[in-house]
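Q: Build me a model from this:
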Amino acid sequence: MRVRAGEPRDAADLRRLLEGLVGRRLEPELVGELNAQLLRFLGGEGTTLVVLEDQDRVVGAVTLWVRRGLYDDGPVAVVDRLVLEDAYRTPEHALRLLEEAYGVARTVGALDLEVLDAEGSYLPDEALQALGLEPARLWRSRML
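A: Okay, the predicted model is just below:
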């Protein structure tokens, strides 16, 4: 099992992970949108995808992007989603992905790391606390 940077070739495995989260197969147009979003994300500045691979199959992923806000004293790395296949939903696997994301954040010069508890994310307290993360306040509204 290894952790590595995500690549375009991971699209089918990422689709399978998403289908596992939503509990159904994605329609072809959604698959096309997901593939396009993956390419945009991988090619974007300040965005990173880290995957957990077991026997040449992606079984988990975490997305990370960098925010440079007006009032921040430096770059802030933001983890906005961590997903794992059911069989891999353990604090240890989550921690492996978060540790890699943390390492990426340090390489880009981030002074802070924020982890958003997005819908579908698997974020066990043990993994978050192992990295020294503390709860923070967040308000949210879906803009549909």
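
Q: now the helices for the chain?
A: Ranges of helices within the chain are 11-22, 28-43, 91-107, 125-130, based on DSSP state H.

Q: now for the last one, which elements pack on it?
A: In terms of contacts (3 or more Cβ pairs under 8 Å, 6 or more residues apart in numbering; DSSP states H and E), helix 125-130 is packed against helix 91-107. Placement of C-beta: from N, CA and C, glycine included.

Q: packing partners for the helix it packs on?
A: strand 2-5, strand 47-54, strand 57-67, strand 76-84, strand 112-115, helix 125-130.

Q: which secondary element of this structure has the worst mean pLDDT?
A: Comparing helices and strands within the chain by mean pLDDT, DSSP states H and E singles out helix 28-43 as the least confident, with a mean of 87.

Q: Can you show me the CA trace of that one as CSV?
A: Written as CSV, here are the backbone C-alpha positions of helix 28-43 (Å, rounded to 0.1, in the frame of the first residue of the first chain):
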residue,chain,number,x,y,z
PRO,A,28,-22.5,9.3,-18.2
GLU,A,29,-22.8,13.1,-18.2
LEU,A,30,-21.7,13.2,-14.5
VAL,A,31,-18.8,10.9,-15.3
GLY,A,32,-17.7,13.4,-18.0
GLU,A,33,-18.0,16.3,-15.5
LEU,A,34,-16.0,14.4,-12.9
ASN,A,35,-13.2,13.6,-15.4
ALA,A,36,-13.1,17.3,-16.6
GLN,A,37,-13.0,18.5,-13.0
LEU,A,38,-10.2,16.0,-12.2
LEU,A,39,-8.1,17.4,-15.1
ARG,A,40,-8.8,21.0,-14.0
PHE,A,41,-7.9,20.2,-10.4
LEU,A,42,-4.7,18.4,-11.3
GLY,A,43,-3.6,21.2,-13.6
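
Q: contacts for it?
A: Gly6, Glu7, Pro8, Asp10, Ala11, Leu14, Arg15, Leu18, Leu26, Thr47, Leu49, Thr63 (Cβ atoms under 8 Å, 6 or more residues apart in numbering).
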